[in-house]
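Enquirer: return a 3D structure for these sequence lines:
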Amino acid sequence: MIASLPRPGGNMTGFAPIVPSLAGKWAELIKEIAPGIIRASMLFNPQSATFIESYVEPFKTATSALGIEAVISPVENMDAVEAQVTAEARKSNSALVVIPDAFTELQRAKIVALTVRHGIPAINWSRSFESGGLISYGPFLIEEYRRGAIYADRILEGEKPSELPVQTPVKFELVINTKAAQTPGLKVPPALLARADAVIE
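Expert: Got it, this is the predicted structure:
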């Protein structure tokens, strides 16, 4: 759709929330909050997460360094999600990493409910999962909307979208739900709580 991030060309520009290095950060954070895990499954819908390959290698690199088995788990509907979560629940010391895509966002409440019911530690990409979710880390979306408004104003004032770089996030937020940590029997490290942008109790 664009020629490059610095010079998109054509008649399109904007903000891309996809940051491949986040996959490694998710692995580190879920290991920090649930140090006993030995297996982490990356959950995504291949129909909407067409960018998944950009996350896979950073995820595998980070999990390997942490002594965690990386599992790539494509799911196309909620029946598949439930089957995957149930299967992980039968194994000991498993965790989930929920990748940002349109499907996981739409089904976030159901996904959170499944992980809580089965007591599986899960890290999500957005605080939109905070209702019952254990931990999330990702772009601070409110800031992205503000930056988008600035771009809209510049375009309305006559600047060409082709000359406005596609931008990636500049601010990220870590949200931890200490109540959700009680279900899988986790104790959130004080150092991790101190780094959190928001703590839900």
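Enquirer: count of neighbours near A65?
Expert: Here the number of neighbours of A65 (other Cβ atoms under 10 Å) works out to 12. (C-beta placed from N, C-alpha, C; glycine too.)
Enquirer: distance check, it against R147.
Expert: 33 Å (Cβ to Cβ, to the nearest Å).
Enquirer: G9 too?
Expert: Per Cβ to Cβ, G9 is found 21 Å from R147.
Enquirer: next: I30.
Expert: 29 Å.
Enquirer: the more surrounded of those two?
Expert: The neighbour comparison of I30 against R147 (other Cβ under 10 Å) goes to I30, with 24 against 16.
Enquirer: pretty sure that one sits against I123.
Expert: Yes: the pair I30 and I123 passes the contact test of Cβ atoms under 8 Å, sitting 4.5 Å apart.
Enquirer: shared neighbours of the two, anything?
Expert: When contacts are counted by Cβ atoms under 8 Å, 6 or more residues apart in numbering, I30 and I123 are jointly contacted by A95, V97, I135.
Enquirer: which helices and strands sit right next to the helix or strand in which the first one is found?
Expert: Following DSSP states H and E, one finds A95 within strand 94-98. With contacts taken as 3 or more Cβ pairs under 8 Å, 6 or more residues apart in numbering; DSSP states H and E, strand 94-98 sits against helix 22-33, strand 39-44, helix 78-90, strand 122-124.
Enquirer: nearest to P165, out of these?
Expert: Of all the helices and strands packed on strand 94-98, helix 22-33 sits nearest to P165, with 20.0 Å by Cβ to Cβ.
Enquirer: so for the closest one, mean pLDDT?
Expert: What helix 22-33 shows for mean pLDDT is 96.
Enquirer: now do the helices in this protein.
Expert: Using DSSP state H, the helices of the chain run over residues 22-33, 53-66, 78-90, 102-106, 108-118, 141-156, 178-181, 190-195.
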